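*Asks:* I would like the atomic coordinates for the input below:
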Amino acid sequence: MTVLTPSAARRVFLLLSATRWFPVGLVVAATTLLPVERGLTVTQTLTLASITGIVVFALELPTGGTADAFGRKPVLVTAAATQVVAATAFAVAGTFWQFAVAAAALGASRALDSGPLEAWFVDAVHATSPGADVDRTLARHGVVVGLSVAAGALVSGGLVWWHPVTLWSALTLPYVVYAGLAVVHLVALCVLLREVRAVPDDGAGRGGAARRTPAVVADGLRLAATNRVLLGLLLVEVFWSTAMVVFESLQPIRLAELVGSGARAGAIMGPTASVGWGVFALGAALAGLASKRVGVARAAMAARVLNGLGAVWMGVVAGPAALVAAYLVTYGLHGAAGPLYNTLLHREAASRNRSTVLSLASMTAFATYAVASPVLGWTADVTSTGAAMVIGGAVSVLGVFCFLPALRRERELRRAGKVAVSV
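*Replies:* Okay, here's the model as predicted:
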């Protein structure tokens with residue numbers, strides 16, 4: 001098969017990212033509000049996030065290793081199909097255990113989806129530009145993801161406000177539309193994605209590739225154990241995830257407390273989340289500019305600290321308008337941090353283990369999220385939601401120290417004149 005040019009690979013990467021994340025935007029505000037409206041407590045609702053995290057933790061390495069050994073496209077198609085199942089299950093769930101099944105399906109989808117598309121793109125670039133940094137395209141990817149989720153959240157707010165199907169809760173329709181658009185993404189993957197990385201032939205076909213998965217996973221684990229830079233980057237996720245609990249799970253609940261009801265919070269969160277993801281896109285775009293001026297590692301460290309402080313700010317504000325403002329700033333910084341962090345990860349990975357390395361990072365994040373979500377949910381129940389948000393943000397700031405090995409590595413590369421071309 002003809003090797004794609006970087007520009008052609010970029011177009012496919014960004015288009016499939018849009019079809020993947022626009023549907024997610026439809027439910028970004030309803031993820032915590034819908035279970036609470038259907039009778040779950042805050043602790044039970046955040047435990048659903050824990051279930052998702054546990055499933056991701058269990059499946060990340062096997063799925064990442066399978067993508068590296070077997071091929072990216074089969075894993076991505078399976079992820080998209082599982083997303084359809086998860087969306088449908090959330091739409092019809094009415095009890096904790098039904099929501100738990102939906103959360104587990106979502107975890108399986110995210111584990112399958114967490115790295116193969118990005119790994120496919122980076123390998124496509126390296127096929128013609130070996131060793132190139134991908135910070136500029138990952139920044140564009142952040143812009144596309146941000147704008148896609150922003151558009152989805154805006155549509156979601158309109159659907160909640162419109163509420164055309166009165167037999168359902170106003171928060172149900174976004175999940176029904178989400179399931180339909182998840183099918184569209186599945187079809188787009190099947191049509192647009194072409195494998196540009198051949199799976200090595202050991203004479204046993206795809207079965208041999210599947211049997212190589214444990215070896216690929218073991219190679220990734222050895223790399224994490226012996227590479228101090230990669231180990232530090234993985235530890236960043238431990239701290240980063242506590243802030244994510246604040247602005248993804250606790251913020252809608254705090255907003256509902258301030259405005260008096262989940263339905264009102266859902267109507268507000270639609271446009272708020274839309275603007276938030278627009279700011280996320282802006283942060284991602286600015287990240288590409290910042291990395292040119294101060295380096296990828298320094299820019300990543302600054303974004304990490306400011307994002308954690310933003311989460312603290314969200315916990316101390318007293319009114320809904322101030323909470324929304326703090327949320328927007330914090331989410332913009334979240335958008336800036338992602339492309340920079342992933343660029344540092346790709347420096348430590350190779351084609352044979354790229355999906356596995358991304359899966360290690362995602363696994364660490366979801367495992368921490370699984371632990372932090374019920375802990376911070378319990379803290380919110382016994383103290384206040386604001387106190388839980390302050391604690392989560394303060395812990396997150398400490399993750400800046402885990403970037404130090406990557407900063408030293410970047411300085412070494414500069415001194416040696418080995419700074420990679422940026423694509």
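
*Asks:* what about the longest helix in this protein?
*Replies:* helix 262-294 (DSSP state H).

*Asks:* now the nearest residue to Val371 once chain neighbours are set aside: how far from Ala91?
*Replies:* With Cβ to Cβ, 6 or more residues apart in numbering as the criterion, Val371 has its nearest non-adjacent residue at 7.3 Å, and that residue is Ser50. Where you see a C-beta, it was placed from the backbone N, CA and C, and this is true even at glycine. Per Cβ to Cβ, to the nearest Å, Ser50 is found 21 Å from Ala91.

*Asks:* between these two, who's got more neighbours?
*Replies:* Ser50 (23 against 19; other Cβ atoms under 10 Å).

*Asks:* show me the contacts for the more buried one.
*Replies:* Ser50 makes contacts with Tyr369, Ala370, Val371, Ser373, Pro374, as judged by Cβ atoms under 8 Å, 6 or more residues apart in numbering.

*Asks:* please apply the same query to Met314.
*Replies:* Val246, Phe247, Gln251, Arg254, Leu323, Ala326, Tyr327, Thr330, Met389, Gly393.

*Asks:* pretty sure the second one sits against Gly332.
*Replies:* Think Phe247. No - in this structure, Phe247 is not within contact of Gly332 by Cβ atoms under 8 Å, at 10.8 Å.

*Asks:* could you point out which element follows the lowest-mean-pLDDT helix or strand in the chain?
*Replies:* In the chain, no helix or strand scores lower on mean pLDDT, DSSP states H and E than helix 205-226, which sits at a mean of 67. Downstream of helix 205-226, the first helix or strand assigned by DSSP states H and E is helix 228-244.

*Asks:* name the helices or strands packed onto the helix or strand just after that following helix?
*Replies:* Reading on from helix 228-244 to the C-terminus, the next helix or strand found by DSSP H and E is helix 251-259. On a contact count with 3 or more Cβ pairs under 8 Å, 6 or more residues apart in numbering; DSSP states H and E, helix 251-259 meets helix 30-37, helix 262-294, helix 320-348, helix 385-397.

*Asks:* residue ranges with poor pLDDT in the stretch 151-300 of the chain?
*Replies:* Within the stretch 151-300 of the chain, the ranges that satisfy pLDDT under 70 run 196-213, 216, 263, 270.

*Asks:* could you rerun that using 50?
*Replies:* Along the stretch 151-300 of the chain, segments meeting pLDDT under 50 span 198-204, 206.

*Asks:* sort out for me which of the contacts of Ser50 are in helices.
*Replies:* Tyr369, Ala370, Val371, Ser373, Pro374.

*Asks:* okay if I get those residues as a markdown table plus neighbour count?
*Replies:* Below are the ones in helices among the contacts of Ser50 laid out as a markdown table (neighbours: other Cβ atoms under 10 Å):
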| residue | neighbour count |
| --- | --- |
| Tyr369 | 26 |
| Ala370 | 22 |
| Val371 | 18 |
| Ser373 | 28 |
| Pro374 | 21 |
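
*Asks:* tell me where the stretch 1-150 of the chain has strands.
*Replies:* Taking DSSP state E, counting those that start in this stretch, the stretch 1-150 of the chain contains no strands at all.

*Asks:* re the thing from before, and the residue nearest to Val371, what pLDDT?
*Replies:* For Ser50, the model assigns a pLDDT of 81.

*Asks:* was I right about Ala224 contacting Gly232?
*Replies:* No - under the criterion of Cβ under 8 Å, Ala224 makes no contact with Gly232, lying 10.3 Å away.

*Asks:* quick one on the thing from earlier: which strands and helices lie in contact with the longest helix of the chain?
*Replies:* Using 3+ Cβ pairs under 8 Å, 6+ apart: helix 262-294 touches helix 6-27, helix 30-37, helix 135-162, helix 251-259, helix 296-316, helix 320-348.

*Asks:* and of these, who's closest to Lys73?
*Replies:* With Cβ to Cβ as the measure, helix 6-27 is the member of the helices and strands packed on helix 262-294 nearest Lys73 (10.8 Å).

*Asks:* which other helices and strands contact the closest one?
*Replies:* By 3+ Cβ pairs under 8 Å, 6+ apart, helix 6-27 packs against helix 72-92, helix 116-128, helix 135-162, helix 173-192, helix 262-294.

*Asks:* now find how far off-centre it is within its chain.
*Replies:* Offset of helix 6-27 from its chain centre (Cα atoms, centre = their mean, to the nearest Å): 13 Å.

*Asks:* list the buried residues of it.
*Replies:* 6, 9-10, 12-14, 16-27 (16 or more other Cβ atoms under 10 Å).

*Asks:* cool, and stretch 169-186?
*Replies:* Neighbour-count burial for stretch 169-186, counted by 16+ other Cβ under 10 Å, picks out 169-179, 181-182, 185-186.
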